[in-house]
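Chemist: below is the sequence, then the predicted model.
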Amino acid sequence: MSTITIYHNPKCGTSRNTLAMIRNSGVEPDIIEYLKTPPSRETLVALIAAMGTPVIDVVRSKEAVFTELNLGAPGVTDAQLVDAMLAHPVLINRPIVVTPLGTRLCRPSEAVLDILPQPQQGAFTKEDGEVVIDAKGRRA
């Protein structure tokens, strides 16, 4: 069985749907509730590098603290963004999933399907009623 880790916020519907799709593939992942147990600088930087996305894409720009800290201003560096995420973990976008096939910010939640080593084992419907996987295990 492969190891999968999800940086999870149980209050987030996208994060809950992503976790449910991981479980629907027959795997119980390592769950890190990053608001309770934030990643170290080394881990956060490594996750961002593994995703291959700009640092700003991993920052939750809709959080009030983003505006309060003026993080959208011209000239804000990647290091400053990382510092802000470490000081205010609510700024870390979620869920981030790490599997043997890659690391991804799973927004939308079905993005996790591209990096799961095992196929879905049954139908899956998101909390909002959107069908993602049909009864035959295929993407809808």
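Modeler: Structure's in. What do you need?
Chemist: who touches stretch 109-121?
Modeler: 2, 4, 14-15, 17-18, 21-22, 24-27, 95, 97, 99-106, 126, 132-133, 137, 139 (CB atoms under 8 Å, 6 or more residues apart in numbering). For glycine as for every other residue, the C-beta is placed from the backbone atoms N, C-alpha and C.
Chemist: quick one: it to chain centroid distance?
Modeler: 13 Å (CA atoms, centre = their mean, to the nearest Å).
Chemist: in it, which residues are buried?
Modeler: Using 16 or more other CB atoms under 10 Å as the burial criterion, the residues of stretch 109-121 that qualify are 109-113, 115-116, 120.
Chemist: hmm, back to that, which of the contacts of stretch 109-121 are buried, as a ChimeraX select command?
Modeler: Buried subset of the contacts of stretch 109-121, written as a ChimeraX selection, criterion 16+ other CB under 10 Å:
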select :4,14,15,17,18,21,22,24,25,27,95,97,99,103,104,105,106,126,132,133
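Chemist: which ones among the contacts of stretch 109-121 map onto helices?
Modeler: 14-15, 17-18, 21-22, 24 (DSSP state H).
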